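Novice: Sharing a model prediction with you, sequence too.
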Amino acid sequence: MINWQTFEFETRAIRAGQVRTAEGEHSEAIFPTSSFVFNNAAQAAARFSEKEKGNIYSRFTNPTVRNFEERLATLEGGERCIATSAGMGAILSLCLGILKAGDHIVASKNIFGTTVTLFNTILGKFGIRTSFVELTDFDQWEAAIKSQRTRLLFLETPSNPLTELADIRALANLAHQHQALLAVDNCFCTPALQKPLALGADIVIHSATKYLDGQGRCVGGAVVGSQDLIKEVYAILRSGGTTMSPFNAWVFLKGLETLSLRMKAHCDNALQLALWLEQQPLIEKIYYPGLPSHPQHELAKRQQTGFGGLVSFVIKGGREKAWQLIDSTKLMSITANLGDVKTTITHPATTTHGRLTDEQRQAANISEGLIRISVGLENIQDLQADLVQGLRN
Ligand SMILES: *Cc1c(COP(=O)(O)O)cnc(C)c1O
């Protein structure tokens, strides 16, 4: 067995977890099989009673999926990973695995909208309550913790679309003082730019749908953490079926192989676009952690090894001007998805945040002039040229 932790990140992203079959294939094999065959009845019994390790049924063990799990676990620096059907399947499996009725979650207000729905509407039905706090306000996190009952702190950093950061180390310490766990949804940075476990977090969540795939092909997710915690998540997968398909796992494996290079290129393009946008007279405000004007630029430098691919800005003239700019683009895709080599452009107030009331949107700083760009890997000059017409008065 190779100890992958002795290799650098880029090497692990390309090599870790592969088990070559007798065919000697160079690229990873895909195992599209629902079940596995035993040599004899005694072996079947040993596998089912977990006396012998090995495959039984692809709802909970599949070689291609395991390959992806091992590779992502080493990239995040976690003991074990469980791959899931979607990012939401990862969060659901985590919560069902580690929480019970009466438990309490403290979560940041500006997490992914469907996660808010999952916490409030679905977990709420089973007696799990969630309090929502300002991501950047440590005192609010502290005040929201109800000792004993609070079992989980949950956040995304940087946030979407305003790129606010949480201090992971400070919140991990806070969680541990209260015997709670900190889970970080690391979707926007990926382990190429940020390693929450090394900063003290207990669990990393992924929507592999975004940068891990990186080319917008598959939906999937993952939970990474210690053996003890992931055992509970695995139990949900085994009996609840929030399973990743082998084909998707293979696509994500290919995604991981270029993750490091892609994230560097996303960061480069995003920084160049942000610096250029900052010069444009029609831009009222710009949100990008790589700009010295970002209120948490220093934290971003300390906590991340790159500033990410999301750039948001407010254009003067409200919704009318924002829609005009979006509609004037010919190259960028008008879609709410992100984390793709193809650049996407979104108007949060009327899409991702469209279901909020006016007051909620104001409180969340999602103004009518706000535009989010998930900067892809096209040539930066072509991206700038695509925005020029809409940025004219
Ligand atoms: C997209 C997303 C999710 C949900 O992932 P799916 O793969 O769509 O289920 C969760 N968290 C964040 C931050 C996301 O962007």
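Specialist: Received, thanks. Numbers count the residues shown, from 1 in each chain.
Novice: how about the residues of the stretch 51-200 of the chain near the ligand?
Specialist: Ala86, Gly87, Met88, Phe112, Thr115, Glu156, Asp185, Cys187 (CB under 6 Å from any ligand atom). Where you see a C-beta, it was placed from the backbone N, CA and C, and this is true even at glycine.
Novice: let's see it at 5 Å
Specialist: Counting by CB under 5 Å from any ligand atom, the stretch 51-200 of the chain comes close to the ligand at Ala86, Gly87, Met88, Phe112, Glu156, Asp185, Cys187.
Novice: Of those residues - the most surrounded one?
Specialist: Comparing those by number of neighbours (other CB atoms under 10 Å), Asp185 comes first, having 27 neighbours.
Novice: Return the alpha-carbon coordinates of the least confident helix or strand in the chain by mean pLDDT using PDB.
Specialist: Least confident helix or strand of the chain, by mean pLDDT, DSSP states H and E, is helix 358-363 with a mean of 88. Coordinates of the C-alpha atoms in helix 358-363 are reproduced here as PDB (Å, rounded to 0.1, in the frame of the first residue of the first chain):
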ATOM      1  CA  ASP A 358     -37.600  42.300  -0.600                       C
ATOM      2  CA  GLU A 359     -36.600  42.700   3.100                       C
ATOM      3  CA  GLN A 360     -34.700  39.400   3.200                       C
ATOM      4  CA  ARG A 361     -32.900  40.300   0.000                       C
ATOM      5  CA  GLN A 362     -32.000  43.700   1.300                       C
ATOM      6  CA  ALA A 363     -30.700  42.200   4.600                       C
END
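Novice: what does that helix rub up against?
Specialist: Ala349, His353, Ser367 (CB atoms under 8 Å, 6 or more residues apart in numbering).
Novice: Out of those, which is nearest to the ligand?
Specialist: Of all the contacts of helix 358-363, the ligand sits closest to His353, with 13.3 Å by CB to the nearest ligand atom.
Novice: Now do the SS call for that closest one.
Specialist: Three-state assignment for His353 (DSSP: H, G, I helix; E, B strand; the rest coil): coil.
Novice: For the ligand, what's its nearest residue on the stretch 101-250 of the chain.
Specialist: Closest point on the stretch 101-250 of the chain to the ligand, by CB to the nearest ligand atom, is Ser207, at 3.0 Å.
Novice: er, the chain I mean
Specialist: Gly87 (2.3 Å).
Novice: Let me know the closest of the contacts of helix 358-363 to His297.
Specialist: Checking these against His297 by CB to CB gives Ser367 as the nearest, at 21.8 Å.
Novice: Spit out the contact partners of the closest one.
Specialist: Residues near Ser367 by CB under 8 Å, 6+ apart: Val314, Gly318, Ala349, Arg361.
Novice: Just the buried ones from these, in PyMOL syntax?
Specialist: Selecting only the buried entries of those in PyMOL, with 16 or more other CB atoms under 10 Å as the criterion:
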select buried, resi 314+349+361
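Novice: re earlier: what's the most distant pair in the residues of the stretch 51-200 of the chain next to the ligand?
Specialist: Ala86 and Glu156, at 15.9 Å, using CB to CB across these.
Novice: Take the residues of the stretch 51-200 of the chain next to the ligand and write them to a markdown table, including pLDDT, distance to Ala172 and secondary structure.
Specialist: Output for these, formatted as a markdown table (pLDDT from 0 to 100; distance: CB to CB, whole Å; DSSP: H, G, I helix; E, B strand; the rest coil):
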| residue | pLDDT | distance to Ala172 | secondary structure |
| --- | --- | --- | --- |
| Ala86 | 98 | 26 | coil |
| Gly87 | 98 | 21 | helix |
| Met88 | 98 | 24 | helix |
| Phe112 | 92 | 21 | coil |
| Glu156 | 97 | 15 | strand |
| Asp185 | 98 | 14 | strand |
| Cys187 | 97 | 18 | coil |
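Novice: Touching, Gly225 and Ile205? I think so.
Specialist: No - checked against CB atoms under 8 Å, the pair Gly225 and Ile205 is beyond contact range at 9.6 Å.
Novice: what's the following helix or strand after the lengthiest helix in the chain?
Specialist: What stands out as the longest helix in the chain, according to DSSP state H, is helix 259-278. Sequence-wise, the next helix or strand downstream of helix 259-278 (DSSP states H and E) is strand 283-287.
Novice: strand partners of that following strand, parallel vs antiparallel please.
Specialist: strand 310-315 (antiparallel) (DSSP bridges).
Novice: Now do the end-to-end distance for stretch 52-68.
Specialist: One end of stretch 52-68 to the other measures 22 Å (CA to CA, to the nearest Å).
Novice: Same check on stretch 211-225?
Specialist: 20 Å.
Novice: what's the average pLDDT for it?
Specialist: On average, the pLDDT along stretch 211-225 is 97.
Novice: do the same with stretch 166-174
Specialist: Per-residue scores along stretch 166-174 average to 98.
Novice: Can you give me the buried ones in that stretch?
Specialist: Counting neighbours by 16+ other CB under 10 Å, stretch 166-174 gives Ala166, Asp167, Ile168, Arg169, Leu171, Ala172, Leu174 as buried.
Novice: With secondary structure as added columns, please give these in a markdown table.
Specialist: Formatted as a markdown table, those follow (three-state DSSP):
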| residue | secondary structure |
| --- | --- |
| Ala166 | coil |
| Asp167 | coil |
| Ile168 | helix |
| Arg169 | helix |
| Leu171 | helix |
| Ala172 | helix |
| Leu174 | helix |
